[in-house]
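Undergrad: coords please:
(2 chains)
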Amino acid sequence: GAGVSQSPSNKVTEKGKDVELRCDPISGHTALYWYRQSLGQGLEFLIYFQGNSAPDKSGLPSDRFSAERTGGSVSTLTIQRTQQEDSAVYLCASSLQGAPANYGYTFGSGTRLTVV
Amino acid sequence: DAKTTQPPSMDCAEGRAANLPCNHSTISGNEYVYWYRQIHSQGPQYIIHGLKNNETNEMASLIITEDRKSSTLILPHATLRDTAVYYCIVRAIRQNFVFGPGTRLSVLP
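TA: Next up is the predicted model:
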């Protein structure tokens, strides 16, 4: 597609439920990143996929968070047993593999998750 | 942790140049300087990047000091739509982008 697409744009869930957030990167972009942004805060890195390499999961805050990327394209971020502190905007970004410094990331518009 | 230091907020009059400073005194030789901005309720948007030379595109100019320890993003004629949080990031190829708190720029009518 022309840009990074995320769905849903908004999600309200009850505490303790599982949620799945989806990211469709730009076609041909092999690097994909997930960040989250709590209200009034900066962006917090979560996880990074680069081609067929093992993902960098160093930013995942707990084992309730996981992500996968199927076929090197679409990615799903799953949060199990959601807690109120998980409420945030979850942002996905993609970039060209090995782009030396070109353009950096292109971000999606995010999924606003509210845990009640 | 972010490797950059930016003022938390700045004001600029509409139509005037906005000059946003960034300190990155520990920058390595292989790290580029990137600028992104985030308008309320949107994902961050790429603005410009550079290594050591000054750069200009349709959005902004980037001035990097000769020692590369600081830089300035210049919006030549700020408009109300330029009101946003501006992030200065240093990053080597294939590294993650680490976003600090940025500078909240308010363009005033």
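
Undergrad: Tell me which residues touch the nearest residue to A:G72 once chain neighbours are set aside, please.
TA: Excluding the flanking residues, the one nearest A:G72 by C-beta to C-beta, 6 or more residues apart in numbering or on different chains is A:T30, at 6.3 Å. The way it works is simple: take the backbone N, C-alpha and C, and place the C-beta from them, glycine included. Shown in contact with A:T30 (C-beta atoms under 8 Å, 6 or more residues apart in numbering or on different chains): A:50-51, A:72, A:96-97.

Undergrad: Would you mind checking which of those is nearest to B:L80?
TA: A:L96 (32.9 Å; C-beta to C-beta).

Undergrad: quick one: low-confidence parts of chain B?
TA: Along chain B, segments meeting pLDDT under 70 span B:1.

Undergrad: Spell out which residues of it are next to chain A.
TA: Within reach of chain A by C-beta under 8 Å from any C-beta of the partner chain, chain B has these residues: B:32, B:34, B:36, B:42-46, B:49, B:51, B:87, B:91, B:93-94, B:96-102.

Undergrad: Can you tell me which of these are buried?
TA: The neighbour count (16 or more other C-beta atoms under 10 Å in any protein chain shown) marks B:32, B:34, B:36, B:43-44, B:46, B:49, B:87, B:91, B:96-102 as buried among those.

Undergrad: okay, the residue nearest to A:G72: pLDDT?
TA: If you check A:T30, the pLDDT there is 85.

Undergrad: cool, and A:N102?
TA: A:N102 is given a pLDDT of 58.

Undergrad: A:F107 is in contact with A:A93, correct?
TA: Yes: in this structure, A:A93 is within contact of A:F107 by C-beta atoms under 8 Å, at 4.5 Å.

Undergrad: okay, and the common contacts of those two?
TA: A:4, B:43-44.

Undergrad: what's the neighbour count on A:R64?
TA: Using other C-beta atoms under 10 Å in any protein chain shown, A:R64 is surrounded by 14 other residues.

Undergrad: Identify the residues contacting the nearest residue to it once chain neighbours are set aside.
TA: Excluding the flanking residues, the one nearest A:R64 by C-beta to C-beta, 6+ apart is A:Q80, at 4.6 Å. Listed by C-beta under 8 Å, 6+ apart, the contact set of A:Q80 reads A:18, A:64-66.

Undergrad: So which of those residues is the closest to A:Q84?
TA: Nearest member of the contacts of A:Q80 to A:Q84, counting by C-beta to C-beta, is A:R64, at 12.9 Å.

Undergrad: Can you tell me which residue of chain B sits closest to chain A?
TA: Proximity of chain B to chain A (C-beta to the nearest C-beta) peaks at B:G43, 3.2 Å away.

Undergrad: Using the three-state scheme, assign that residue.
TA: Following DSSP: H, G, I helix; E, B strand; the rest coil, B:G43 is assigned to coil.

Undergrad: Same question for B:R81.
TA: helix.

Undergrad: residues contacting it?
TA: Per C-beta under 8 Å, 6+ apart, neighbours of B:R81: B:39, B:107.
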